[in-house]
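Colleague: This is a predicted model, with the sequence first.
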Amino acid sequence: MNQVFVSLVAVAGTLLGAVLGYVFQRHSADRSERKAAVLAYTSAVTETIRGQQDWWHRKDENPEGPEHRAARVEAHRLRGVARQAINGIAFYVNDNELLDLAEATFEAASDVHRAGSREELDTKSAVARELLRAFIHRASNKVR
């Protein structure tokens with residue numbers, strides 16, 4: 001009888017260890033996926049801002065030049081990458097306010113090339129970076 005009890009305790013301990021291991025591993029994987037989604041988004045928006053600035057500069061230098069057209073195409077591509085990264089945020093991070101902030105940041109970043117002057121370009125870029133900073137602050141609470 002004593003051996004049966006010891007065997008049952010051993011089996012129960014093994015099962016409990018396996019279940020707890022799975023739970024902790026899943027939690028860690030979920031956190032890693034959320035972190036990767038947030039980092040992909042912040043990288044994509046940073047590149048979008050840079051691409052929008054480049055588009056503005058190439059348009060300012062020569063509106064009819066091939067560099068302007070190439071910068072415009074690249075800026076559109078980068079916005080597509082950022083839009084896809086927003087989908088990653090929506091998929092992995094369950095927070096509507098964070099998603100709204102991601103959308104607002106994306107819109108501000110996408111608007112940089114519409115500046116009418118160098119000063120307005122600097123202002124629009126600063127607004128987009130500040131929104132990105134706010135996004136990072138809020139998102140950091142979700143991925144820890």
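Modeller: Cool, the structure landed.

Colleague: going forward, measure contacts and count neighbours with C-alpha atoms only.
Modeller: Noted.

Colleague: low-scoring pLDDT stretches of this structure, where are they?
Modeller: Residue ranges of the chain with pLDDT under 70: 1, 5-6, 8-13, 15-29.

Colleague: can you tell me which residues contact the most centrally placed residue in the chain?
Modeller: The chain has residue 41 as the residue nearest its centroid, 2.1 Å off, counting by C-alpha atoms, centre = their mean. Contact analysis of residue 41 by C-alpha atoms under 8 Å, 6 or more residues apart in numbering lists 82, 85-86, 88-89.

Colleague: Tell me the buried residues in stretch 59-72?
Modeller: Going by neighbour count (16 or more other C-alpha atoms under 10 Å), the buried part of stretch 59-72 is 59, 67-69, 71-72.

Colleague: what helix or strand does residue 38 sit in?
Modeller: Residue 38 is part of helix 2-61 when elements are defined by DSSP states H and E.

Colleague: The next helix or strand after that helix packs against which elements?
Modeller: Counting by DSSP H and E, the next helix or strand C-terminal to helix 2-61 is helix 66-92. Identification of packing neighbours for helix 66-92 by 3 or more C-alpha pairs under 8 Å, 6 or more residues apart in numbering; DSSP states H and E yields helix 2-61, helix 96-110.

Colleague: which of the residues in stretch 107-125 are buried?
Modeller: So for stretch 107-125, counting by 16+ other C-alpha under 10 Å, buried means 108-113, 115, 121, 124-125.
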